[in-house]
Each structure stands twice: as structure tokens, then as C-alpha cells.
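Q: Here's my sequence, what's the structure:
(2 chains)
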There are 2 protein chains.
Amino acid sequence: MTPPIFSASGHLVAIGGAEDRTSDLEILKKVFVLAPEGNQEVAVIATASGIPDQVLPEYEAAFFRLGASQVHCLDIRDRQQATDAETVRLIEQSGTIFFTGGDQLRLTNVLGGSPVLTAIRKRLEDGAVVAGTSAGAAAMPGTMIYNGSAADALRKGAVNMTFGLGFVDNLIIDSHFLERGRFTRLMEVGASNPEHLGVGLGEDAGVIIHPHGILEAIGPGHVILIDSRDLASSNIADLAMGEPVAVEHMILHALVSGHGYDIDARRYLVADELSAILPGRHAQ
Amino acid sequence: MTPPIFSASGHLVAIGGAEDRTSDLEILKKVFVLAPEGNQEVAVIATASGIPDQVLPEYEAAFFRLGASQVHCLDIRDRQQATDAETVRLIEQSGTIFFTGGDQLRLTNVLGGSPVLTAIRKRLEDGAVVAGTSAGAAAMPGTMIYNGSAADALRKGAVNMTFGLGFVDNLIIDSHFLERGRFTRLMEVGASNPEHLGVGLGEDAGVIIHPHGILEAIGPGHVILIDSRDLASSNIADLAMGEPVAVEHMILHALVSGHGYDIDARRYLVADELSAILPGRHAQ
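A: Numbering: from 1, shown residues only, chains lettered A, B, ... in the order given. Presented below is the predicted three-dimensional model:
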């Protein structure tokens, strides 16, 4: 038996990057409404970013526009800061916790095993919404991709992976997926272990990960799913590093806003099916 | 009943672009050995290319290295030249006919309905090998893609298609496929009509299309197949132009050199299976 995908009472929202922050805020709006009722405090974590001074004010302005009572700009730069009690306190009182883009390896390297990360996991379990874009989305699962040119991928070893932040299991998330043509990255990962669902997020697109492993696509872009569990054959174990990987039979889906997917049942959910499954306010 | 994919007695070889022309010539060698026994004349058609003076000498040198007795460099620039009797004669006596890369729309616009194209079709029927790289590969089927940014594709209308050269039916060929991340282009085409197999050729990779619709992957790169025939649902017919296309269930394969695919049976062929199907010298 596989463990449950995701059993927290809060929601995860993984975004493919380049989501609108200044116009309709379509995706950020869907993040913010998932916060626990009555909690309008937002924590924005810019650890992944190389340009936090530019990125933090953008999200601050966007979340204020959406009705945030406070926006805590948390530019946690090193492991020392990731133990800071005041930072932990701000996270504990926030209903929305948002990870910016940047480099997912910086995110895990700075936050891995820290009190800040423990506090975020606890908030997710207790009902907060935890969202992230680009690197902030890629880092969410127990295992993440942190490097690998799409043009070189599907050659053994081209994709580099390591532990992620551990908010969700049994899937792997890639971002900027259509724009950077990253299908080969998730195919290589799927060949290496077909058990885990590949989730490829396009820009200005995302998925809400509902409790019980129901995915809901949001935003104007696409969410690509690569399901390798019925993989019939691959040569990957027989190859030397760098040799081309063969793949027989993966299943490919493209979800648009309002469509969903049941990870356990491996079932695509068209809009009507998704609405029937999700409780009232989340059937967006 | 669907018509036979390909019933000529010659072979087609579609190459994804950037094949080696100066070192081992791995792919060009596999093209040249498919020529009818005793015929070492090669015709190279540079119509697609914007730089024929650069490209033609490269192929001339490569085919001479492989043992060509003559290499006819045919830089057919306009429809008038595509009626030229001497050019037709050179094609009629060549055992290998090779299309360079460039712009596939130039290829069809110049050659469509011409005596030169009629002569090439006749050579293919009679046993010659007809090969093409990049644009020269994309133009081979009855229908071809000639435009559409991969980053914009999978939005209704992003991919532009028109009639191809008509050497093979029931499939669509895209080139530079992994390098330019063109999965979305073949997904859009597959959603628009799931009957036709999507063949995505990586650079320095190709497929030999054997009689009876057996594909054989060649070269150091990958050949990606997108099989949409079991498509479960798509919203494409309901969308306005430019809206994102949803796709439920396409099947994805990645072939490497020596692996194959039976188009009619929709069956992946690992190396042993392919060797068993192909007659002696073609089981490469």
C-alpha cells in the first residue's frame, strides 16, 4: 500500500512561475482564499530568490490588494536566520505562507531541518495554505529536481535530484514546463522510478493539491501530467551515464483551469467531475 | 479501414536535424546503405535551405566519403526549375534522394505538383531511398507542421499545418524535437485529430520508415512518439482560438537506436522484436 499522498488539513498550491502579480492576480487570489477563515496574515519567504529586494515588494503589494491584513516579508538568507524565533512566530500566526521563485537548492539548503521549516509543516497540517512559485513549487515534494537541461535530459543522469521540503509525497513537480520544454526531465525521472506522478506546471498556471490527493488546475496556463506507472519497459538500468534512455508507454495529460486529477485513482477529472468531488467553495 | 501507411518498395528516412556530416556519419551511412543495390548515385535537394551554397558541399563531401559514385547537387529555387527535364533525369537515375533542412514551406511551395516531385515519388515506389533532415523530414507526410512556437502551442490554432510532400500517410513528423521542447506541438495536433501518430525526431536521430509501417530508430538521439488514438477527451472543439487545450490520455514513447514501432499495431518493438521483424540487412 502506498502512503497517503497528502493528509494535511491545509492546502498546497504549486505554481509554474511567472504568475500575474500586477493585473488580475488570478492565481494569487485562489491561493489567498484558501487561507483559514478569519486569518488574513501572509508570510512571503524569499529564500530561493537572488533578488529578494525586487520580489518581496511585488508580493507584498499583490497580497495587500487581495485583502491581507499583514504581509511578513521573510528574507531568510542563511541557516542561522532559519532558527530565528521571531520568524517562527510570524509563520505560526500566518494563514498564507508563500515561497517565491529562484533556486530550489538554496531553499532546501537553507531551510532543511530548521525550526522555520518545522513551523511551516505544522501550519500546513493545521489548515494554512502553503503556496510556492517556480523554485518554490519544485521544492514542495519529498524529492525535487534541482538541475538538468531539458535538451540534454532523457540521457541517464542528466537530471539532478535531491530531497525537497517534504510537504507532499508521491509526486514530482517541475515548473516553467511548457515554456522550457521540460517533458524530457519528467520522462527521465519517470523511467528511473515509475511510481511517482510527474506534474509539469506551465507559467501562469498551477495546481491546488487538495487533501486526499485531488489536484485542481488553476490559472490561464497548462498543467501537464506524466503518469509512468504503466511503464512497459525502459533500458535505463542497463545504460552507462549519458546514454539515451528508451521509454515504452507513459501516459500524458494536459489539464486546464477547472480540470483535475485524482492521484490515487489515476483518474483525469473533467470540470463537472472535479466540482462533484470538491466541497463547496473550492469548486472554482 | 485505414489505408496502408506506406506501401512503396523503397525506404523513407526522416532525420531530426543536425545529424553528423563530418565525423562518423552514423545516420547518413544508414541512409546510403538503403539505396538499391548497384546504384551509388545521390541527388541532394537544397530547396528548403536559405544557405544552399554552404549546405550542398557538406552533403556532397559526406556522400562521397560513403562511396557515392556521383552526387547531384540540386538547388531548385523556384517552380520553373522544378519542371526542368535535366533535373528530373538526374532524380530518375539516383538511388538516394536527400532533402536538406531549411523551411518546409519553401519545399512544398516550390515542389508541390511539379514534375520533380512526381519523379521522386516514382523513385520511392521503385525502391530508392528518400531521406530528409529537419524541414526535409517534416515535409514528408501528407500533412505537415510549418510553424508554431512550442511555448505557445497547445493553445488552439498555435500550430500551423498544410499539405506535405505526400510520401507517407497517417503520421506527422516534427524535428529538433527534444532540443526545442516541441511536445506541445504534437499534442495540439493529436487533440485536433487523434488518428495520426506523432513522430518527434531529436537532433542526430531519425527513423527509417520500412514498408508496412515499421519504424526503426537510428542515430545517437531520441525518437519520441505521441500516440493519441486512445485520447479520452479534449475541449479543443469548444474553445475560441488561442485558448488552452486540455488533453486526457495520450501515450508517450521514447525510442533509441535499434528500437522500433509498428504503426498499424501501435506496438513498441524492443531491439529483439524489431530484428525479428525486419529482413536481414535492415536489422541494424
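
Q: Dig out what residue A:214 forms beta bridges with.
A: Beta-bridge partners recorded for residue A:214 (DSSP bridges): residue A:210, residue A:262.

Q: thinking it is in contact with residue A:278, fair?
A: Yes: the pair formed by residue A:214 and residue A:278 meets the contact definition of Cβ atoms under 8 Å, at 6.8 Å. Every C-beta, even on glycine, is put in place using the N, C-alpha and C of the backbone.

Q: what is in contact with those two at once?
A: Listed as contacting both residue A:214 and residue A:278 by Cβ atoms under 8 Å, 6 or more residues apart in numbering or on different chains are residue A:260.

Q: How about the residue of the stretch 101-250 of chain A found nearest chain B: what's its closest non-neighbour residue?
A: Here the residue of the stretch 101-250 of chain A nearest chain B is residue A:181; by Cβ to the nearest Cβ that distance is 1.1 Å. Nearest residue to residue A:181, sequence neighbours excluded (Cβ to Cβ, 6 or more residues apart in numbering or on different chains): residue B:181, at 1.1 Å.

Q: Model confidence for that neighbour, exactly?
A: On pLDDT, residue B:181 comes in at 92.

Q: ok, now the one 5 residues further on?
A: In this prediction, residue B:186 carries a pLDDT score of 97.

Q: Name the nearest residue to it, sequence neighbours excluded.
A: Nearest residue to residue B:186, sequence neighbours excluded (Cβ to Cβ, 6+ apart): residue B:198, at 3.5 Å.

Q: could you dump the helix or strand harbouring that neighbour to PDB, C-alpha only?
A: Per DSSP states H and E: residue B:198 is located in strand B:197-201. Provided in PDB are the C-alpha atoms of strand B:197-201 (Å, rounded to 0.1, in the frame of the first residue of the first chain):
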ATOM      1  CA  LEU B 197       0.800   9.100 -35.000                       C
ATOM      2  CA  GLY B 198       3.000  12.000 -33.800                       C
ATOM      3  CA  VAL B 199       6.700  11.400 -34.600                       C
ATOM      4  CA  GLY B 200       9.100  13.800 -32.800                       C
ATOM      5  CA  LEU B 201      12.700  13.400 -34.000                       C
END
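
Q: could you give the angle of the strand ranked longest in chain A to strand A:197-201?
A: When chain A is parsed with DSSP state E, its longest strand is strand A:247-255. Counting by axes from the mean of the first three to the mean of the last three Cα atoms, to 10 degrees, strand A:247-255 lies at 50 degrees to strand A:197-201.

Q: What strands line up against strand A:247-255, and which way round?
A: Sheet pairing of strand A:247-255 (DSSP bridges) gives strand A:223-227 (antiparallel), strand A:233-234 (antiparallel), strand B:247-255 (antiparallel).

Q: And residue A:244, how far from residue A:232?
A: Going from residue A:244 to residue A:232 by Cβ to Cβ, to the nearest Å gives 18 Å.

Q: the more surrounded of those two?
A: residue A:244 (24 against 12; other Cβ atoms under 10 Å in any protein chain shown).

Q: Report the beta-bridge partner residues of that one.
A: residue A:155.

Q: before we move on, back to that, make a markdown table out of the strands paired with strand A:247-255 and add mean neighbour count.
A: A markdown table is the format used below for the strands paired with strand A:247-255 (neighbours: other Cβ atoms under 10 Å in any protein chain shown):
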| stretch | mean neighbour count |
| --- | --- |
| strand A:223-227 | 25 |
| strand A:233-234 | 18 |
| strand B:247-255 | 24 |
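
Q: Residue B:171: which of these is closest?
A: Taking Cβ to Cβ, strand B:247-255 is the member of these nearest to residue B:171, at 13.3 Å.

Q: circling back: does the residue nearest to residue A:181 touch residue A:186 like I think?
A: No: taking contacts as Cβ under 8 Å, residue B:181 lies outside contact range of residue A:186: 12.0 Å.

Q: Which of the two has more residues huddled nearby?
A: Just comparing residue B:181 and residue A:186: by other Cβ under 10 Å the higher neighbour count belongs to residue A:186, 29 against 22.

Q: and the stretch 151-284 of chain A, which of its residues are near chain B?
A: A:151, A:153-154, A:178-184, A:187, A:220-222, A:226, A:232-233, A:235, A:244-257, A:259, A:268, A:270 (Cβ under 8 Å from any Cβ of the partner chain).
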